[in-house]
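Colleague: next comes the sequence, and after it the predicted model I'd like to discuss.
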Amino acid sequence: MDTGSASKSAIWLKHFIICLIAFVMLYPVLWLVGSSFKPANMIFSEIWFWPRQWNFHNYVSGWFGFQGSSFSRFLQNSALVSLGAVLGNVITCSMAAYAFARLNFRFKALGFALMLMTIMLPLHVTLIPRYILFNSLGWVNTFAPLILPKWMATDGFFIFLTVQFIRGLPKELDEAATIDGCGPVQIFSRIIIPLALPALITTMIFTFMWTWDDFFSQLIFLSDIGKYTVPLGLRLFLDSSSQSDWGPMFAMSVLSLVPCFILFITLQKYFVEGIATSGLKG
Amino acid sequence: MSADLMTVDRPAGMKRRKTKLRYNQNGIALLFLSPWLLGLVCLTLGPMAASLYFSFTDYSILESSRWIGLDNFTTMLTADPLFIQSLKVTFIFVFVSVPLKLMFALAVALLLNKGIRGLGIYRTVYYIPTLLGGSVAIAMLWRKMLGGDGLLNQLLAMVGIQAPDWVSNPKYSLYSLILLSVWQFGSSMIIFLSGLKQVPPEYYDASSVDGAGKVGQFLHITLPVLSPVIFFNVIMQTITAFQSFTQAFIISNGSGGPVNSTLMYSLYLYKKGFSFFQMGYASAMAWVLVLLIGLFTLLLFGSSKLWVHYEDGGK
């Protein structure tokens, strides 16, 4: 009896500690969201995150307040780039993955080794020649340098992830389909794609997140404010140091985080599995 | 019945088809691999060769390149104090943030292990910083939060501590970046959690019978069984940390300041290549980064024999 209640209170203590750490960790995010609804003078004077009065003014002025460009333009641009990247990665990475997992062809081992190498390669090493290439094609300050590479399966990580997944599917299915007269194209589209859906969803989620949050390539390839994506648009707030801009900056920051957050809450299972099975850095 | 038929039929039939397919699959594989192959040649291998060439030249995008041999590399090591500074900053960042992050991830994973109720919710909550942390929005929040009159100092003032501006004081600015990185321990934690599930409970039972304490169990069972997962996390986090850019850029507003205290390697490379248009020099820096990452990966693999235990003897 005694040990029972002792261990019970130990469990409560453990829950309390876990919740406390979680609260401290999340406090910056809570404070960000709360502050986005506070008038400017209260952002400084209040430490507690919950606004005493709710105020949507920051959202309105942040939405319209950018040197003639509204925030909706940045959101549209980001959505376009991210969707283009997601489609490209899902289609071309799964095609390459099918070939590596199921087909026999010459130089397969070499190709697979090269693909693994590209995963480890820092992007800096191809960045400058890519810039020169896209510049000579007149594509700098367009979305092409951000989307096109994804249509060429340059994110080896997702090929690898999908290869691993396809290898886990029973080969008998392919063989049965072959006997029924299906060629590789039909096997790919009718059998592999539907069964590898979890891997494809993981690819989609992480491609979306990484493209949405990507700052480095967007900074390099986009220069015109009309082409700016959300990360570049947010950065404009840094140039003005006036404290009255904190509110709108926080409001637009919150808006920029919403898509990834919704994606995470609705597709949590795939996040956790993707990270746990393949070590996606997230 | 049909299953019986299949097993009888298949060997002969499949053999014929398989040999036929072996010849045919080169073409169809090329079809499936064509986008990847195009990218590999035009966007990876070609540019790699080009940047290797540029690293031996003096090149800005405005003028054509001029061969200067090893000059870029000798400049780096002998005549560019900012390069040395960027190496220093990056090394401190990598060697402080990666171990701290993994220790924190492991501690929380251990706390959450043992079938605790609400694991799913806790895991979600602890992952949120990692989910959001890579964004410009959070980096800007960090800059404001750790600034002179930011949230942190207001809290410290309540308990009577006069704290410095963590972002614009060169003594602490790099540590505000490290804190931001450690805060995002979520994905390592998830990997540790799934690694901890692999530890056979019998090990703990057997060691309790032998009289081992909690600390002993952690040192002699949990850590060795978990060592491949720790190894994997160290490699991934180190490679990522070496390339870190966005947070340093936003928190210093592109300068790497104050007094170059947050001049991460990537940030300096960006400034050289795209602010000063010294693209030959930036290419040389990119290759040095590849060599550095390669070297550390090799060292880690070399050391793994000493501390990583594989259940199947490393096969």
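Modeller: Great, that's in hand. This one's a predicted model, so the numbers in the text were calculated from it and none came from an experiment.
Colleague: which ones are touching the spatially closest residue to B:V199 that is not a sequence neighbour?
Modeller: Nearest residue to B:V199, sequence neighbours excluded (CB to CB, 6 or more residues apart in numbering or on different chains): B:V225, at 4.8 Å. In this view, the C-beta of every residue, glycine as well, is placed from N, C-alpha and C. Contacts for B:V225 (CB atoms under 8 Å, 6 or more residues apart in numbering or on different chains) come out as B:G195, B:Q198, B:V199, B:Y203, B:H309, B:E311.
Colleague: what helix or strand is B:V225 on?
Modeller: helix B:223-242 (DSSP states H and E).
Colleague: buried set for that helix?
Modeller: B:224-231, B:233-239, B:241-242 (16 or more other CB atoms under 10 Å in any protein chain shown).
Colleague: also stretch B:176-195?
Modeller: By neighbour count with 16+ other CB under 10 Å, stretch B:176-195 contains the buried residues B:176-195.
Colleague: can you give me the end-to-end distance of it?
Modeller: Stretch B:176-195 has an end-to-end distance of 30 Å (CA to CA, to the nearest Å).
Colleague: what of stretch A:93-111?
Modeller: Taking CA to CA, the first and last residues of stretch A:93-111 lie 14 Å apart.
Colleague: any residues touching it, and which ones?
Modeller: With CB under 8 Å, 6+ apart as the test, stretch A:93-111 has contacts from A:112, A:115, A:153, A:155, A:158-163, A:165-167, A:171, A:174, A:184, A:187-188, A:192-193, A:196, A:199-200, A:203, B:21-22, B:25-26, B:28-30, B:32-33, B:35-36.
Colleague: in helices, which of those residues appear?
Modeller: Members of the contacts of stretch A:93-111 lying in helices (criterion: DSSP state H): A:112, A:115, A:158-163, A:165-167, A:171, A:174, A:184, A:193, A:199-200, A:203, B:21-22, B:25-26, B:28-30, B:32-33, B:35-36.
Colleague: get me the contact residues on the stretch 201-315 of chain B for chain A.
Modeller: Counting by CB under 8 Å from any CB of the partner chain, the stretch 201-315 of chain B comes close to chain A at B:232-233, B:236-237, B:239-240, B:242-243, B:245-246, B:249-250, B:253, B:266, B:269-270, B:273-274, B:279, B:282-283, B:285-287, B:289-290, B:293, B:297.
Colleague: PyMOL command to pick out the buried ones of these?
Modeller: A single PyMOL command is used to select the members of these judged buried by 16+ other CB under 10 Å:
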select buried, chain B and resi 233+236+237+239+242+243+245+246+249+250+266+269+270+273+274+279+282+283+285+286+287+289+290+293
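Colleague: in chain A, which residue sits nearest chain B?
Modeller: A:M152 (2.7 Å; CB to the nearest CB).
Colleague: how about that residue, nearest residue that isn't a chain neighbour?
Modeller: B:G39 (2.7 Å).
Colleague: just the buried ones among the ones in helices among the contacts of stretch A:93-111, please.
Modeller: Buried among the ones in helices among the contacts of stretch A:93-111 by 16+ other CB under 10 Å: A:112, A:115, A:158-163, A:165-166, A:174, A:184, A:193, A:199-200, A:203, B:21, B:25, B:28-29, B:32-33, B:35-36.
Colleague: domain ranges for chain A, per the record?
Modeller: Following automatic domain parsing, chain A resolves into domains at A:2-62, A:66-239.
Colleague: would you mind finding the most buried of those?
Modeller: By mean neighbour count, with neighbours taken as mean count of other CB atoms under 10 Å in any protein chain shown, domain A:66-239 ranks first of these at a mean of 19.
Colleague: roughly how far does B:S188 sit from chain A?
Modeller: 9 Å (CB to the nearest CB, to the nearest Å).
Colleague: all strands of chain B, in order?
Modeller: For chain B, the strands defined by DSSP state E occupy B:57-58, B:66-67.
Colleague: just the closest residue of chain B to chain A, please.
Modeller: At 2.7 Å from chain A, B:G39 is the closest residue in chain B, using CB to the nearest CB.
Colleague: my guess is that residue contacts A:P149, does it?
Modeller: Yes: counting by CB atoms under 8 Å, A:P149 is a contact partner of B:G39 at 6.4 Å.
Colleague: residues contacting the residue of chain B closest to chain A?
Modeller: A:T92, A:P149, A:M152, A:A153, A:T154.
Colleague: with pLDDT added, can I get those in a markdown table?
Modeller: Formatted as a markdown table, those follow (pLDDT from 0 to 100):
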| residue | pLDDT |
| --- | --- |
| A:T92 | 97 |
| A:P149 | 96 |
| A:M152 | 97 |
| A:A153 | 95 |
| A:T154 | 94 |
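Colleague: and the two most separated of those?
Modeller: Spatial extent of the contacts of B:G39 (CB to CB) is set by the pair A:T92 and A:P149 at 10.0 Å.
Colleague: follow-up on the earlier one: tabulate the strands of chain B (a markdown table), appending mean neighbour count.
Modeller: Shown next, in a markdown table, are those (neighbours: other CB atoms under 10 Å in any protein chain shown):
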| stretch | mean neighbour count |
| --- | --- |
| strand B:57-58 | 18 |
| strand B:66-67 | 10 |
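Colleague: those into JSON lines, with extra columns for distance to A:L236 and mean pLDDT?
Modeller: As requested, the strands of chain B are arranged in JSON lines below (distance: least, CB to CB, whole Å; pLDDT from 0 to 100):
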{"stretch": "strand B:57-58", "distance to A:L236": "34", "mean pLDDT": "94"}
{"stretch": "strand B:66-67", "distance to A:L236": "37", "mean pLDDT": "92"}
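Colleague: JSON lines for the ones you listed, including distance to chain A?
Modeller: Compiled in JSON lines, these are given as follows (distance: least, CB to the nearest CB, whole Å):
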{"stretch": "strand B:57-58", "distance to chain A": "11"}
{"stretch": "strand B:66-67", "distance to chain A": "15"}
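Colleague: in a markdown table: those strands, plus distance to B:K171.
Modeller: Below are the strands of chain B laid out as a markdown table (distance: least, CB to CB, whole Å):
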| stretch | distance to B:K171 |
| --- | --- |
| strand B:57-58 | 37 |
| strand B:66-67 | 41 |
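Colleague: where do the helices sit along the stretch 1-150 of chain A?
Modeller: Assigned by DSSP state H, counting those that start in this stretch, the stretch 1-150 of chain A shows helices spanning A:2-35, A:40-45, A:57-64, A:71-102, A:108-120, A:124-136, A:144-147.
Colleague: to B:L219, which of those helices lies closest?
Modeller: helix A:2-35 (21.4 Å).
Colleague: and that closest one with chain B, contact?
Modeller: Yes: for helix A:2-35, a contact with chain B is found by CB under 8 Å from any CB, at A:11, A:14-15, A:17-18, A:21-22, A:25-26, A:28-29, A:31-32.
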